[in-house]
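Trainee: starting from these lines, generate the structure:
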Amino acid sequence: MSGSRSLFAILIALAVPACSDDTVSKPDSRASDRGGIVAGDRARQDSSLDDRGVGDRGAAAERASTPDKGTPTPDKGTSPDKSTSPDKSTSSDKSTSPDESTSAPDASAPVACALPFAGCSTYQDATGGVASISFGGALLNTYSPSCLQVRVGQSVTFSGNFSFHPLAQVCGPASVISNGSGSQAVFSFSVPGVYGFYCTVHATPQGAGMAGALLVVP
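Mentor: Predicted coordinates:
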């Protein structure tokens, strides 16, 4: 009987350590499962946060690269004011262009003749008689005489067709000679000097062509 108790005690002693090892070495599967669940939840949270961060950064970059429609376009009202364009009224005034009427000296104002006018270097003397000048007709486009000398106060008669050969004075100390009507015109000279005259159709104001000169002496 004592031998049986000893054998039973030995068997119990051998069985207790085995049970103890299994209890200690075996991990708690529920704790491990809970830890895996917690780690999985944290991983999903981190992944979700990363996804949101990437999405936020992408949205910010897209907004930065997209032109802001709210920015006002340049105001067309700031375009150069057409009113500031050069004023055409300041352009050269055509009225300042050379007056064609000045091509011939104005006989109404005293203008000294350029000598010898009409080539008159000598004059036919008519101081002691009748002074007359004929033109046109058989004389054609000439005055005869074309160079005549008279005294102050003496009269000179021009005879010819004034319509075909308009007479005009171009220079002299006073305005005396002008175009006549009919076939004769008489002019009296009270100021001494050289008086140039010409046909406005067949001569130039410079004395070329049908032109002549009167020398009035004191």
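Trainee: CA atoms for contacts and neighbours, from now on please.
Mentor: OK.
Trainee: what strands flank whatever helix or strand residue 198 lives in, and is each parallel or antiparallel?
Mentor: Using DSSP states H and E, the element containing residue 198 is strand 193-203. Under the criterion DSSP bridges, strand 193-203 sits next to strand 167-171 (antiparallel), strand 209-217 (antiparallel) in its sheet.
Trainee: just give the closest residue to residue 203, not the sequence neighbours.
Mentor: Take residue 203 and drop its neighbours on the chain: the residue closest to it by C-alpha to C-alpha, 6 or more residues apart in numbering is residue 209, 4.3 Å away.
Trainee: point out where the protein drops to low pLDDT.
Mentor: For the chain, the stretches flagged by pLDDT under 70 are 1-109.
Trainee: quick one, strands of it?
Mentor: Secondary structure of the chain, counting by DSSP state E: strands at 124-125, 131-135, 143-144, 147-151, 155-159, 167-171, 184-188, 193-203, 209-217.
Trainee: partner strands of the fifth one, with direction?
Mentor: Using DSSP bridges, strand 155-159 pairs in its sheet with strand 131-135 (parallel), strand 184-188 (antiparallel).
Trainee: quick one: which of the strands of the chain is nearest residue 115?
Mentor: For the strands of the chain, the distance to residue 115 is smallest for strand 193-203, at 8.8 Å, taking C-alpha to C-alpha.
Trainee: hmm, who's touching the closest one?
Mentor: Applying C-alpha atoms under 8 Å, 6 or more residues apart in numbering, the set of residues contacting strand 193-203 from outside is 112-113, 117-118, 141, 165-173, 177, 204-205, 207, 209-217.
Trainee: from those residues, list just the buried residues.
Mentor: By neighbour count, with 16 or more other C-alpha atoms under 10 Å, the contacts of strand 193-203 hold 113, 117-118, 141, 165-173, 177, 204-205, 207, 209-217 as buried.
Trainee: returning to that earlier point: most tightly surrounded among the strands of the chain?
Mentor: Mean neighbours per residue, mean count of other C-alpha atoms under 10 Å, is largest over the strands of the chain for strand 167-171, with a mean of 25.
Trainee: run a quick neighbour tally on residue 192.
Mentor: Using other C-alpha atoms under 10 Å, residue 192 has 18 neighbouring residues.
Trainee: same thing with residue 111?
Mentor: Residue 111 sits with 17 neighbouring residues when counted by other C-alpha under 10 Å.
Trainee: thought it was touching residue 175?
Mentor: No. Residue 111 sits out of contact with residue 175 when judged by C-alpha atoms under 8 Å, with a separation of 9.1 Å.
Trainee: pull the contacting residues for the residue nearest to residue 203.
Mentor: Residues touching residue 209, when contacts are defined by C-alpha under 8 Å, 6+ apart, comprise 118, 141, 142, 202, 203.
Trainee: and the fourth one, how far from residue 164?
Mentor: When you say that, I think you mean residue 202. Spatial separation of residue 202 from residue 164 under the definition C-alpha to C-alpha, to the nearest Å is 10 Å.
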